[in-house]
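In: Let me see the structure of the following:
(chains A and B)
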There are 2 protein chains.
Amino acid sequence: MRSKVRVLVNGYGVIGKRVADAVSLQDDMALVGVADVVADWRVRMARVKGYDVYSSVSDRETVERMEEAGIEVSGTLEGLLRSGGVDVVVDCAPGGLGAKNKEALYDKYGVKVVFEGGEKHETAGLSFVCQCNYDEALKMGEEGHNYVRVVSCNTTAACRVLHALYGRFGVEKARMFLVRRATDPVKTDKSGIMNTVVPAPMPSHHAPDVKTVIHDAIPDLYSVAVKGSHTMFHFHFYDVILRERASREDVVEALREEPRVSLVRVKDGVFGLGSLIELSRDLGLPRGDLYTIPVWEDMLTVIGEREVMLALACPNENDVIPENVDAIRAITGIEKDWRRSLEKTDSTLKVPKVLY
Amino acid sequence: MRSKVRVLVNGYGVIGKRVADAVSLQDDMALVGVADVVADWRVRMARVKGYDVYSSVSDRETVERMEEAGIEVSGTLEGLLRSGGVDVVVDCAPGGLGAKNKEALYDKYGVKVVFEGGEKHETAGLSFVCQCNYDEALKMGEEGHNYVRVVSCNTTAACRVLHALYGRFGVEKARMFLVRRATDPVKTDKSGIMNTVVPAPMPSHHAPDVKTVIHDAIPDLYSVAVKGSHTMFHFHFYDVILRERASREDVVEALREEPRVSLVRVKDGVFGLGSLIELSRDLGLPRGDLYTIPVWEDMLTVIGEREVMLALACPNENDVIPENVDAIRAITGIEKDWRRSLEKTDSTLKVPKVLY
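Out: Predicted structure coming up:
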């Protein structure tokens, strides 16, 4: 039997803790542990779950601070890398820190790394959404490339949904309009906006970010975004000009068949993000995670013969979690077939396709 | 000297109370009073301002209820109409009630009426935004048409900004993406959404509503909208395909010259709706009203040669107030020149053009 890929998650925050749980569920991976610098309830929770905890930095003060807070520290990230005990680091440190870690640690020890969407494409040189470009990551991994970036939650949602359209009908032009959540629930203690709408600089980074995954599949792509005053799920409108004519039914069918995309309807009582928060919790998945992208079937409109207007919700804390698992498989080459990786991940995480 | 147009405001809510104040400031109009059915602080405030208060309905119970609450009632709306003491009613009753009032009262007494955006176009048979179609309203008024509808705050904002574009460059196609406020501050006691985003049925009513004013000026117009979790200002993105080529500077210049549209910049610290709420209050106008439509100059982008992407904020409680004043002039014919009406209104209301 092939030995398991040994994975360490660096950064035990909103994404990291979910990746750790997801990796634990895979029979072709072993979670070595998690690393962080925080010494409060969040990291103590990792010990409650039985994960070995490492210090992300090697200075004595940080290790002592964590130990004084009652956290059993198994060692430092650098010590672990030096010992060769890790095949893949999933770097879930706050945005921008991944690039610093790469320079200080990952390049030095030659470890494979999955970065998150808070890092620039250039840091990894390869951006990833399973159903769009698994083969590209696999090939680059086989050629000795060590780094891959799972794109942000919004970009992941966009890539999945646009893939259903450009894969089936071709897409000439797409305009994306995003209403982002203010901040994550856990961060409302310290940050987040209230009772306002705040636009991002135009264009937003989402369209260029989608291109790092789908390359030239959509020649004319542009996005704009605002932050809203809510804390869970982003909301997206897409205005897409197809290359081929398609009926409303054709488009709905393409979305129905697309992995990690699910259809919901206003007439079923899914009125907005609040409905989806409750629905997700009712599904019983850990933390009320949803993983899949709900698209409103009964809002979807085809204007004329080739223009599609659609609305979707992006489960911002968790749609990238299955992608992290697949990215580990692609960059290490332990699975050559994207669909087999996707199905294995979705089966272990219980990613829902039909929501109700 | 020409006698003043006698105006009664029916419905002393968010819009009605502002219209009453605005009408009071006009030297060619006389505010006869305001009518309502409510007997709480909101209508008592009308008495504080010295306005005569009438009962919108004629049943004895309502009049007694208002009087028992200490409100001096000068009579009923119907009594006033019967006496011929009113030339124009501005109907600011809750959406849909205007149509009922028309059937029960206005048709019967042959009074001229300005309806608001909560009524259907068909109720008035004429929809209005001053700089777009004052002449149409004037002509219909001269031909004996009694009714005009000031369109909703969102539609008013859209008409003004799109007018700058189709008037100057022609517009082939426009797509509007709206993030509406949840509800008005005064209504958060009882209604309003929280911590969610709720889409409207697609298409939203805004594009068809714009067409009631601008008719065929933009042949291909479509809009979508969500409700956000904030209480003041709507936010709009427009994606507009011009007929003629235009540079970014050309478009900014057209907006700079458009009445009741103002330019703001992120780099001046106008980050979002919160900045505009504070800025409006600092301007010192009653209730912190702004009346004009702020468009972000430094977000505005021309994609290619003819596609304009822009962002604006709609002061939802008050951008229609100057329109109500102009609509009275247009439908009664007391002013034949739209620009003279607009300038008189803006001067009396101190509608700002340059905000800072």
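In: Chain B contacts on the stretch 151-300 of chain A?
Out: A:175, A:177, A:179, A:193, A:195-199, A:201-203, A:222, A:224, A:226-233, A:235, A:237, A:239, A:266, A:271-274, A:277, A:296, A:299-300 (Cβ under 8 Å from any Cβ of the partner chain). Quick note: C-beta positions are derived from backbone N, CA and C, even for glycine.
In: Repeat the analysis, applying 7 Å as the threshold.
Out: Contact residues (Cβ under 7 Å from any Cβ of the partner chain) of the stretch 151-300 of chain A with chain B: A:175, A:177, A:179, A:195-199, A:202-203, A:222, A:224, A:226, A:228-231, A:235, A:237, A:239, A:271-274, A:296, A:299.
In: show me where the stretch 101-250 of chain A has helices.
Out: A:107-109, A:121-124, A:130-142, A:153-168, A:206-214, A:248-257 (DSSP state H, counting those that start in this stretch).
In: check which helix or strand covers A:R6.
Out: strand A:5-10 (DSSP states H and E).
In: Name every sheet partner of that strand and say whether each one runs parallel or antiparallel.
Out: With DSSP bridges as the test, strand A:5-10 is paired with strand A:29-36 (parallel), strand A:88-91 (parallel).
In: List the contacts of the shortest one.
Out: Surrounding strand A:88-91, the residues in contact under the criterion Cβ atoms under 7 Å, 6 or more residues apart in numbering or on different chains are A:5, A:7-11, A:19, A:98, A:101, A:106, A:111-116, A:324, A:328, A:332.
In: if you set the cut-off to 8 Å instead, what comes out?
Out: With contacts defined as Cβ atoms under 8 Å, 6 or more residues apart in numbering or on different chains, strand A:88-91 is touched by A:5-11, A:16, A:19, A:23, A:77, A:81, A:97-98, A:101-102, A:106, A:111-116, A:119, A:324, A:328, A:331-332.
In: Quick one: mean pLDDT over it.
Out: Mean per-residue pLDDT for strand A:88-91: 98.
In: Then the first one?
Out: Averaging the model's pLDDT scores along strand A:29-36 yields 98.
In: isn't A:K344 right up against A:I334?
Out: No - A:K344 is beyond contact range of A:I334, at 10.6 Å (criterion: Cβ atoms under 8 Å).
In: For A:K350, give me the pLDDT.
Out: 98.
In: dump the residue contacts of it.
Out: Contacts of A:K350 (Cβ under 8 Å, 6+ apart): A:L285.
In: in the stretch 201-350 of chain A, which segments are predicted with low confidence?
Out: Of all residues in the stretch 201-350 of chain A, none has pLDDT under 70.
In: all strands for it, in order.
Out: A:220-227, A:234-242, A:261-264, A:293-296, A:301-303, A:307-314 (DSSP state E, counting those that start in this stretch).
In: Stretch A:251-265: which residues count as buried?
Out: For stretch A:251-265, the neighbour count (16 or more other Cβ atoms under 10 Å in any protein chain shown) marks A:251-252, A:254-255, A:258-264 as buried.
In: How about stretch A:267-280?
Out: Buried positions in stretch A:267-280, judged by neighbour count with 16+ other Cβ under 10 Å: A:270-277, A:279-280.
In: what's the burial count for A:V179?
Out: 26 (other Cβ atoms under 10 Å in any protein chain shown).
In: mind listing what the residue lying closest to it once chain neighbours are set aside touches?
Out: Spatial nearest neighbour of A:V179, excluding adjacent residues (Cβ to Cβ, 6 or more residues apart in numbering or on different chains): A:F235 at 4.3 Å. By Cβ under 8 Å, 6+ apart, A:F235 lies in contact with A:178-179, A:228, A:272-273, A:311-314, B:197, B:199, B:226.
In: Please pick the buried ones from those.
Out: A:178-179, A:228, A:272-273, A:311-314, B:197, B:199, B:226.
In: Including distance to B:W41, could the residues you listed go into CSV?
Out: Output for those, formatted as CSV (distance: Cβ to Cβ, whole Å):
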residue, distance to B:W41
A:L178, 40
A:V179, 35
A:G228, 32
A:G272, 32
A:L273, 34
A:A311, 40
A:L312, 43
A:A313, 40
A:C314, 43
B:V197, 32
B:P199, 35
B:V226, 32
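In: Sounds good, over and out.
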